[in-house]
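Participant: okay, here's the prediction I keep looking at, along with the sequence it came from:
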Amino acid sequence: MAFKTWRIWEKQPLKTWRICENLLDKTWRICENLYKTVEITGKTAFGNT
């Protein structure tokens, strides 16, 4: 019984961590994409002048 309860409790932090991990991953990807876009736009803008 105690083991069962432990397993349930153990699963929750993991779920929470997964959600946080996903959010961090998404945020990182968005930042990376923004940086790349800015970099490309910057190069194009400077290349045209």
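Facilitator: Yep, that arrived. Here the structure is a predicted model, which means the values were calculated and not measured.

Participant: switch to C-alpha atoms for all contacts and neighbour counts from now on
Facilitator: Noted.

Participant: look up phi and psi at the residue positioned nearest the centre of the chain.
Facilitator: In the chain, the centroid-proximal residue (CA atoms, centre = their mean) is residue 25; its distance is 1.3 Å. With angles defined as degrees, to the nearest 10, residue 25 sits at phi -60, psi -50.

Participant: tell me the pLDDT of it.
Facilitator: Model confidence at residue 25, expressed as pLDDT, equals 96.

Participant: tell me where this protein has helices.
Facilitator: With DSSP state H applied, the chain shows helices at 2-48, listed in chain order.

Participant: so where's the protein shaky on pLDDT?
Facilitator: Scanning the chain with the threshold set as pLDDT under 70 gives 1, 9, 48-49.

Participant: let's see that with 80 instead.
Facilitator: 1-11, 45-49 (pLDDT under 80).

Participant: from residue 40, how far off is the residue nearest to the centre of the chain?
Facilitator: 22 Å (CA to CA, to the nearest Å).

Participant: then residue 19?
Facilitator: Distance, residue 19 to residue 40, by CA to CA: 31 Å.

Participant: and residue 35, what does it touch?
Facilitator: With contacts defined as CA atoms under 8 Å, 6 or more residues apart in numbering, residue 35 has no neighbours.

Participant: quick one: residue 21 from residue 7, how far?
Facilitator: Counting by CA to CA, the gap between residue 21 and residue 7 amounts to 21 Å.

Participant: kindly apply the preceding question to residue 20 instead.
Facilitator: When CA to CA is the yardstick, residue 20 and residue 7 sit 20 Å from each other.

Participant: try residue 39
Facilitator: As judged by CA to CA, residue 39 and residue 7 stand 47 Å apart.
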